[in-house]
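Student: when you get a sec, could you give me coordinates for this:
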Amino acid sequence: MVMWLWACSPTDAPLPTLANVPTPLIPQDIPILRFWESQRGRLSSLEAADYWQFSAQAGDNISLRAIERGGATTLTLYNFLGDALSQGESIEYAITENGLYRVRVQLVTDGATEYEIGLGYTDRPNPLQPTPIEIVVGVPTPTPNFGDLGAFVSLLTPSATLSGALTSDQPRHVYLIEARANDWLTIEMGRISGTIDPLLRLYDPSGQLIALDDNGAGNRNARLANVRVASDGVYQVQVLGKDRFGEYALSLKTGFQQLPSDSVVLPTATPENPFATPTLGALPDGVRLQDHAPALGDISTAGGFQRFSFFADASEVVSIGVSPLADGGLRPMFEVYSPEGLLFASARASTSDAAGNALVTGSVIPETGAYIVLVMSENQTTGAFYVAYGRGVTFLERVLGDAPSNQRVDGTLTEKGARDAWLVRLQAQDVINVAVSSSAIDPVIEIASLDGTLLYRDDNSGGGTSALIRSAEMGAGGRYFLRVVSARGDQVGDYTLIWRYINLAPTPTTPPSTQTLLSVEDTVYLTEYNFYPFYGDRGQVVNVQAIAKPNTGLDAVLAILDPEGNVIAEGDDSPNSLNPDVTLTLPASGTYVIRVNGYLSGGAFDLIAKTLLP
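Tutor: The predicted model follows:
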């Protein structure tokens, strides 16, 4: 007997054993039944039975019907736990839980019978000109029990972004995707709140792990990009937080996605303009807050408040902060309301742990529109303040002056939710690299134009938490910002910045743009091997690096295995480094595996696989 655990809710009572589940013997090799598409089958005796499976969501009103050519049949509907829900010549049923369901077709009269079975909705019209599915020849794709992967949550479709929360009681979630052979899947998981560190794993219908990612979407968010599946079936997406908990957002896109490259040279020819430090002042009536541009305010009477607004698009990440001026006694607090008038975010100086500021960082905007910020005070305090909002994990920007090339520049992020901006003067077609390291924060380095347009960004390419933009070419002459920010916007501390020219020639060789296939932060132990799958296409040029964390003593070795399990590339030391760096052209389409071990050593490392774009 089979116990299906995907939709089990946490309970204090012990789970039933397999022997206690009163279910019929249901085979695991069950073909898929799709809405509005008929399937055919044949039964030869009263003892024979066919099983079909389909996924449905709570609230679906479904209908099942079989048309026989010969004897009569009866249908029985089971839920994913194996409980019989309904029986009859035809079935109409209101689904109460998300999950997989099964239908048994059995003869009630003697003699071989051919039949067609159809699945539809009772409250929705049949689409015009439905296309029937031909009979599947061969063994159907099995769908085994993946209850040990986590708690089943829902069917994942491209129609909406889902949200969930990982807790100590439910540290792993599982979602289902119905896919057909050669479908392209792009799955993205982002942190909303808490300390969760997103990690995604994708399993095929046979239970084989075919792709995983840890940091591929940047900012420690995970993305499985353009995975082409090999067969029809139900695929499992496992969602984890790496033993950390909090809320997350999960989305699915189908079809090949044109994703942005990791490094992009923008051709905008921005004329050089002198930079003027913004003047802090009060906003005129009716004017909204602008990105990283603070505005003055004042609460002059106990219990008073001031109202501000900003405009944001759905799914944008924003941060909001209110800081008291040094000569006042204000202890600020604020509330942010959505365009529908719902409370979206709030903060208090007493609970923000931000040196007297009220601060919210890295919140995901739920809908496009104008958001209202009401600034108030705690404990009837009064005084002047400045308020700001920013796209990303910061709301304030400090412009610190010029950073000379080839010279170490020491800086300090002094406030949570703030970023430092250093000025550099560059010519069109200059090629530079920029590095930032710190023992106090996880730094991110950005190159931006003076109008705020982001040109390049990196988090951990320098090894460990160090940030490194290896090569950046300027599309126009002028002044640019080198911006330093902590990865989540919630750290303060010292850092070191240095940038150098790579090429001053009028026609430098532009390095290829790259796109992340897999980015994982992990540990390999002495005498052990770690394995990391990714999907690749024939002819794709892929670069793979295993970068040891500082002071771990790891001498990493990597090998790349093709879809047949053969080693097709290996790497140990690269020039001037013990870290392996391998570039190869993939010979076929399919799931490749990167194998990592330590040469007489073990330790933490970053594994990064990127495709080189034309």
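
Student: okay, and Ala314 sits in which element?
Tutor: Element membership of Ala314, judged by DSSP states H and E, is empty: it is in no helix or strand.

Student: what about the nearest residue in space to it that is not next to it in sequence, distance to Thr157?
Tutor: In this structure, Ala314 finds its nearest non-sequential neighbour in Thr368, 4.7 Å apart by C-beta to C-beta, 6 or more residues apart in numbering. (Each C-beta comes from the backbone N, C-alpha and C, glycine too.) The span separating Thr368 from Thr157 equals 22 Å under the rule C-beta to C-beta, to the nearest Å.

Student: so Ser350 belongs to a strand, correct?
Tutor: No: inclusion of Ser350 in a strand is not indicated when DSSP: H, G, I helix; E, B strand; the rest coil is applied; the result is helix.

Student: quick revisit: which residues touch the residue nearest to Ala314?
Tutor: With contacts taken as C-beta atoms under 8 Å, 6 or more residues apart in numbering, Thr368 has the following neighbours: 312-314, 339.

Student: out of those residues, which is most surrounded?
Tutor: The member of those surrounded by the most neighbours (other C-beta atoms under 10 Å) is Ala312, with 22 neighbours in all.

Student: residues near the nearest residue to that one once chain neighbours are set aside, how many?
Tutor: Using C-beta to C-beta, 6+ apart and skipping the chain neighbours, the partner closest in space to Ala312 is Ile365 (4.5 Å). Other residues within reach of Ile365 by the criterion other C-beta under 10 Å amount to 19.

Student: just Ala181 next, same as before
Tutor: 11.

Student: which residue ends up closest to the midpoint of this structure in space?
Tutor: With distances taken as C-alpha atoms, centre = their mean, the residue of the chain nearest its centroid is Met189 (2.3 Å).

Student: who are the packing partners of the helix or strand Arg483 falls within?
Tutor: According to DSSP H and E, Arg483 maps onto strand 478-486. Packing partners of strand 478-486 (3 or more C-beta pairs under 8 Å, 6 or more residues apart in numbering; DSSP states H and E): strand 409-413, strand 418-426, strand 443-449, strand 493-503.

Student: adjacent strands (with direction) for that strand?
Tutor: Each strand pairing with strand 478-486, determined using DSSP bridges, is listed with its direction: strand 418-426 (antiparallel), strand 443-449 (antiparallel).

Student: what does it contact?
Tutor: With C-beta under 8 Å, 6+ apart as the contact definition, strand 478-486 has outside contacts at 270-275, 392-394, 397, 399, 403, 411, 413, 419-426, 434, 436, 441-450, 455, 474, 492, 495, 497, 499.

Student: list of residues touching stretch 436-446?
Tutor: Stretch 436-446 has contacts (C-beta under 8 Å, 6+ apart) with 413, 434-435, 454, 456-460, 462, 465-469, 481-488, 491-497.

Student: what's the closest non-adjacent residue to Pro332?
Tutor: Ranked by C-beta to C-beta, 6+ apart and with sequence neighbours excluded, the top spatial neighbour of Pro332 is Val322, at 4.1 Å.

Student: partners of the helix or strand hosting that neighbour, with directions?
Tutor: Applying DSSP H and E as the criterion places Val322 in strand 317-324. Strand 317-324 has its sheet partners listed here by DSSP bridges as strand 358-364 (antiparallel), strand 383-391 (antiparallel).

Student: any chance of these in a markdown table with mean pLDDT and distance to Asn182 as columns?
Tutor: Formatted as a markdown table, the strands paired with strand 317-324 follow (pLDDT from 0 to 100; distance: least, C-beta to C-beta, whole Å):
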| stretch | mean pLDDT | distance to Asn182 |
| --- | --- | --- |
| strand 358-364 | 93 | 32 |
| strand 383-391 | 93 | 37 |
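
Student: run through the residues that contact Pro587.
Tutor: Pro587 makes contacts with 538, 562, 568, as judged by C-beta under 8 Å, 6+ apart.

Student: hang on, the earlier thing: what pLDDT does the residue nearest to Ala312 get?
Tutor: Reading off the confidence values, Ile365 has pLDDT 95.

Student: please renumber the chain so that the first residue is 23 from this point on.
Tutor: Yes, from this point I'll number from 23; that puts the last item at Ile387.

Student: would you check that it makes contact with Phe333?
Tutor: No: with contact defined as C-beta atoms under 8 Å, Ile387 does not reach Phe333; the gap is 9.9 Å.

Student: who touches both of those two?
Tutor: Taking C-beta under 8 Å, 6+ apart as the contact rule, the neighbours common to Ile387 and Phe333 are Tyr393.

Student: on that earlier part again, including mean neighbour count and distance to Asp254, could the strands paired with strand 339-346 go into a markdown table?
Tutor: A markdown table is the format used below for the strands paired with strand 339-346 (neighbours: other C-beta atoms under 10 Å; distance: least, C-beta to C-beta, whole Å):
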| stretch | mean neighbour count | distance to Asp254 |
| --- | --- | --- |
| strand 380-386 | 22 | 34 |
| strand 405-413 | 22 | 41 |
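
Student: mind putting those into TSV with distance to Gly624?
Tutor: Output for those, formatted as TSV (distance: least, C-beta to C-beta, whole Å):
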stretch	distance to Gly624
strand 380-386	33
strand 405-413	40
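
Student: which among these is found nearest to Thr217?
Tutor: With C-beta to C-beta as the criterion, Thr217 lies closest to strand 380-386 of the strands paired with strand 339-346, at 11.9 Å.

Student: kindly report the domain assignment for this structure.
Tutor: According to automatic domain parsing, the chain is divided into the following domains: 40-143, 169-276, 317-413, 418-525, 536-634.

Student: now those domains in TSV, with distance to Leu305?
Tutor: Written out in TSV, the entries for those read as follows (distance: least, C-beta to C-beta, whole Å):
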stretch	distance to Leu305
domain 40-143	46
domain 169-276	29
domain 317-413	4
domain 418-525	16
domain 536-634	40
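
Student: closest one to Val309 among those domains?
Tutor: Evaluated with C-beta to C-beta, the domains of the chain place domain 317-413 nearest to Val309, the distance being 8.5 Å.

Student: one step back: hey, which of the strands paired with strand 500-508 is tucked in deepest?
Tutor: For these, the stretch with the most neighbours on average is strand 465-471, a mean of 23; neighbours defined as mean count of other C-beta atoms under 10 Å.

Student: just the angle between it and strand 431-435, please?
Tutor: In terms of direction (axes from the mean of the first three to the mean of the last three C-alpha atoms, to 10 degrees), strand 465-471 departs from strand 431-435 by 110 degrees.

Student: give me the number of residues near Gly110?
Tutor: Gly110: 12 surrounding residues under other C-beta under 10 Å.

Student: ramachandran angles for it?
Tutor: Backbone dihedrals for Gly110, given as degrees, to the nearest 10, come out at phi 160, psi 180.

Student: again, but for Gly561
Tutor: The main-chain torsion angles of Gly561 are listed as degrees, to the nearest 10 and equal phi 90, psi -10.

Student: what residue ranges in the stretch 123-272 of the chain are flagged as low confidence?
Tutor: Residues of the stretch 123-272 of the chain meeting the criterion pLDDT under 70: 148-170.

Student: what about stretch 523-543, how long is it end to end?
Tutor: Between the opening and closing residues of stretch 523-543 lies a distance of 30 Å (C-alpha to C-alpha, to the nearest Å).

Student: weakest of the domains of the chain in terms of mean pLDDT?
Tutor: Out of the domains of the chain, the stretch the model trusts least by mean pLDDT is domain 40-143, with a mean of 82.
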